[in-house]
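**Q** Sequence and predicted model, in that order:
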Amino acid sequence: MKILSNLLSLFYPKMCAACGNALQQNESCLCLECLLHLPETENYKEHNNTLRSLFDGRTRVEEVASLMSYKKESNVQKILHNFKYNGQKEIGKYLGEYFGKQLITEERFRKIDFIIPIPLHKKKLRKRGFNQSEWIAQGLSISMNIPYRTDILFREDFTETQTKKNRYARWMNVKEVFTLKDFKSIKNRHIAICDDVLTTGATMEAAIQKLQQVNDIKISVITLAAVIY
Ligand SMILES: [Zn+2]
């Protein structure tokens, strides 16, 4: 198998998800050069970081951490684009694992009980074939040694016939509506919700507020990238 994969990579070399150069044998997803130059925020080192203040006055959160700062036309944008739209799911797992190694060095992140990926609409899931957040959760879970759960938080599916709900959603000005299942198992626990990018935080806020219906729950936020950091 190894010989075959080496042979295949000779003809179809794997590309760096950022710069597009062929990867070396010992590299995966990103070349060493791009990995060394990732615009890491390192905001996980600080409890009261600027990203956390994004949720001030909106909802209660414990820790908020993002691996990279997101800018248009940047390598980060290319990486996330390849991850989400070119089916390179391994990137999520790879960067999740990479970030998890950093997070776990901080006591505050070692207290997390479960990681919950932001669920994707069924429609989008069918189209994309995978939930990108779940792949990030997988990576985080490996290096942090914290289980991830996909059986708790779900995205409500709007159909054209559900006009009442649609109207309600519009009125609430919230496009994302979440539902909970089997939430007894996360009572009293510390949950980290993970996603690929944090922009306005609206989706995240909606998910957090849903989870906060569970008694004595603590919620943190972990993303691969953030617009404000
Ligand atoms: Zn590269």
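**A** Everything's here; your move.
**Q** Tell me where this structure has strands.
**A** With DSSP state E, the ranges of strands along the chain come out as 64-69, 114-117, 153-155, 178-180, 190-198, 218-226.
**Q** and the ion, which of those strands is closest to it?
**A** strand 64-69 (14.2 Å; C-beta to the ion). Placement of C-beta: from N, CA and C, glycine included.
**Q** who's in contact with the closest one?
**A** Strand 64-69 has contacts (C-beta atoms under 8 Å, 6 or more residues apart in numbering) with 38-41, 43-44, 49, 51-52, 54-55, 76, 95, 98-99, 102-103, 109, 198, 220-227, 229.
**Q** how about 6 Å then?
**A** With contacts defined as C-beta atoms under 6 Å, 6 or more residues apart in numbering, strand 64-69 is touched by 38-41, 43-44, 51-52, 76, 99, 198, 221-226, 229.
**Q** Export that strand to CSV, keeping only CA atoms.
**A** The C-alpha trace of strand 64-69 is given here as CSV (Å, rounded to 0.1, in the frame of the first residue of the first chain):
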residue,chain,number,x,y,z
VAL,A,64,-13.2,31.9,23.4
ALA,A,65,-10.2,31.0,21.3
SER,A,66,-9.4,31.1,17.6
LEU,A,67,-6.3,29.7,16.0
MET,A,68,-5.9,32.2,13.1
SER,A,69,-6.9,35.7,12.1
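**Q** what about the helices in the chain?
**A** 2-11, 32-36, 75-85, 90-103, 107-110, 122-128, 132-144, 163-172, 202-211 (DSSP state H).
**Q** Columns distance to Val61, mean pLDDT and mean neighbour count on top of those, output as a markdown table?
**A** Compiled in a markdown table, the helices of the chain are given as follows (distance: least, C-beta to C-beta, whole Å; pLDDT from 0 to 100; neighbours: other C-beta atoms under 10 Å):
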| stretch | distance to Val61 | mean pLDDT | mean neighbour count |
| --- | --- | --- | --- |
| helix 2-11 | 43 | 68 | 9 |
| helix 32-36 | 29 | 97 | 13 |
| helix 75-85 | 22 | 96 | 18 |
| helix 90-103 | 15 | 98 | 22 |
| helix 107-110 | 12 | 97 | 14 |
| helix 122-128 | 25 | 88 | 12 |
| helix 132-144 | 17 | 98 | 24 |
| helix 163-172 | 21 | 56 | 11 |
| helix 202-211 | 7 | 92 | 20 |
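**Q** Using JSON lines, please lay out those together with distance to the ion.
**A** Converted to JSON lines, the helices of the chain look like this (distance: least, C-beta to the ion, whole Å):
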{"stretch": "helix 2-11", "distance to the ion": "16"}
{"stretch": "helix 32-36", "distance to the ion": "3"}
{"stretch": "helix 75-85", "distance to the ion": "8"}
{"stretch": "helix 90-103", "distance to the ion": "12"}
{"stretch": "helix 107-110", "distance to the ion": "28"}
{"stretch": "helix 122-128", "distance to the ion": "24"}
{"stretch": "helix 132-144", "distance to the ion": "19"}
{"stretch": "helix 163-172", "distance to the ion": "41"}
{"stretch": "helix 202-211", "distance to the ion": "29"}
